[in-house]
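Enquirer: have a look; sequence and predicted model below, questions after that.
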Amino acid sequence: MLEIKNLTKKFGNKTIINSLSIKIPTGQILAIVGPSGAGKTTLLRCIIGLENVDSGEFFWNGHQFDPTNSDPKNSIVGAVFQNYQLFPNLTVMENIILAPVKVKGVATKLAKDEAQKMLDQLDLSGKENLYPYQLSGGQQQRVAIVRALAMNPKILCYDEPTSALDPDLRKEVAKLILNLKKDAVTQIVITHDMEFAENVADEILKVTPIK
Amino acid sequence: MLNYIQQILPALLGGTKVTLSIFAITLIIAIPLGILLGVTLTSKFKPIKWLLNTYILIMRGTPLLLQLIFIFYGLPLLGIVFSRYNAALIAFILNYAAYFSEIFRGGFQSIPKGQIESAKLLRLSKWQTLRYVLAPQVFKIVLPSVGNETINLIKDSSLVYVIGIGDLLRAGNVATARDVTLLPLILVGIIYLILTAITTYILKAIEKRTNVWR
Ligand SMILES: Nc1ncnc2c1ncn2[C@@H]1O[C@H](COP(=O)(O)OP(=O)(O)OP(=O)(O)O)[C@@H](O)[C@H]1O
Ligand SMILES: [Mg+2]
């Protein structure tokens, strides 16, 4: 279970998140919705450790952790950014196995086999040696998901995963998220799409801008 | 005429050697120096940035010829004396490192921040991020500008003429003055053309290899 206690985040003297507490049981999906500027992305960036928090504590299964700690042993969270941020100079396969091989020391052959399995599942067979610019937006997104999953995160976060997708692909992403749920991956999804949120989420968190 | 060419060619090739040595040594030192200064320019430490920007302003805002003369003829007045060859190297390295540092600063700054954040989330170390993510992208971005400067350097190296170094241009000019014929100068031009053509070819080949991704 992921538990966040009394998270507060300010930019300068502007409070974006005020003493927010969240609990997500393992394998559940939390959708975060709210108007533009409400602080959804900021909240996500705090959870994945890209922003320092002003106060707040994070626990995974009762053990406190620091999301900003970059120790590889501490890789509890993974994320898929809004614009995917695949490395343009690396092929699909290289993007996926870079971190497992260089950070975790997984043998290249093994990392490739694992990656191939996930690529096949996500309908990306045959794309291994293409560069990101040769993929469609939806394909890039799935590669970004595989890349994050290759590090075996306990929690996977998405910032507006459907904003750039057509309705068919939106359904695909929903299916993918629900499939990962079966593998007990805890997931946090920011979205503007209420229908999507209701389809996938176990719980919906509504955030509002703080006056 | 062929006889005459054969006769002066050794002198011209000797000059070419000097030109190439200044070219190569300048590149080998100025490019790494430029990378280092370029990265420093992207940091947030104000005093060093201010110092570097002043240095770049002077190097880019005054003629290289003036800098060359200043170092070889000017500094001895302050008791600082360099040999001709060293004075030339110092002037070229300082000048070109300034241009390179601006190019590399731009290269590093044009990489989206999200790339670095992605790498951080994947728990890549700073060094791994530089090695596998940033360096290849910066390399591709700066290649055309670095290539331009490299070609310029071949031609700029002829400026060492004014401090009396026996480079390619001087070798040709000496022969022209002595034998009262245009031929040596034409040969000098042809040799410069060959040097820039070879460099251009190599740069194009490298560029082609980075074109497999975008
Ligand atoms: N680095 C920053 N420095 C200062 N203020 C920031 C920074 N990042 C975000 N903010 C402010 O924090 C508030 C919340 O921004 P955030 O991006 O989290 O909103 P959001 O809910 O994700 O909006 P959207 O739905 O448009 O993506 C905004 O008012 C924004 O101006
Ligand atoms: Mg946002």
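Expert: Yep, that arrived. Note that the structure is predicted; figures quoted are calculated from it, not measured. Ligands and ions are numbered 1, 2, ... in the order given.

Enquirer: run a quick neighbour tally on the residue of chain B found nearest ligand 1.
Expert: Proximity of chain B to ligand 1 (C-beta to the nearest ligand atom) peaks at residue B:113, 10.4 Å away. Glycine gets a C-beta too; all of them are placed from N, C-alpha and C. Other residues within reach of residue B:113, judged by other C-beta atoms under 10 Å in any protein chain shown, total 10.

Enquirer: any chance you could list what contacts stretch B:195-202?
Expert: Stretch B:195-202 has contacts (C-beta atoms under 8 Å, 6 or more residues apart in numbering or on different chains) with B:16, B:19, B:20, B:147, B:150, B:151, B:154, B:155.

Enquirer: one more time with 6 Å, if that's ok
Expert: Here stretch B:195-202 makes contact (C-beta atoms under 6 Å, 6 or more residues apart in numbering or on different chains) with B:151, B:154.

Enquirer: quick one: distance of it to the chain centre.
Expert: Centroid displacement of stretch B:195-202 relative to its chain, using C-alpha atoms, centre = their mean, to the nearest Å, is 14 Å.

Enquirer: tabulate the CA atom coordinates of that stretch in PDB.
Expert: What follows is stretch B:195-202 as a C-alpha-only set of coordinates in PDB (Å, rounded to 0.1, in the frame of the first residue of the first chain):
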ATOM      1  CA  LEU B 195      42.400  20.600 -47.100                       C
ATOM      2  CA  THR B 196      38.900  22.100 -46.700                       C
ATOM      3  CA  ALA B 197      37.400  19.500 -49.100                       C
ATOM      4  CA  ILE B 198      38.800  16.600 -47.100                       C
ATOM      5  CA  THR B 199      37.500  18.100 -43.900                       C
ATOM      6  CA  THR B 200      34.100  18.800 -45.400                       C
ATOM      7  CA  TYR B 201      34.000  15.200 -46.600                       C
ATOM      8  CA  ILE B 202      34.800  13.800 -43.200                       C
END
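
Enquirer: where do the strands sit along chain A?
Expert: Listed in chain order, the strands of chain A (DSSP state E) span A:2-11, A:14-24, A:29-33, A:55-60, A:63-65, A:77-80, A:155-159, A:186-190, A:203-206.

Enquirer: ok, which of the ones you listed comes nearest ligand 1?
Expert: Going by C-beta to the nearest ligand atom, the one of those nearest ligand 1 is strand A:2-11, 3.5 Å.

Enquirer: now for that closest one, which elements pack on it?
Expert: strand A:14-24, strand A:55-60 (3 or more C-beta pairs under 6 Å, 6 or more residues apart in numbering or on different chains; DSSP states H and E).

Enquirer: wait, does that strand make contact with ligand 1?
Expert: Yes: Strand A:2-11 lies within reach of ligand 1 by C-beta under 6 Å from any ligand atom, at residue A:11.
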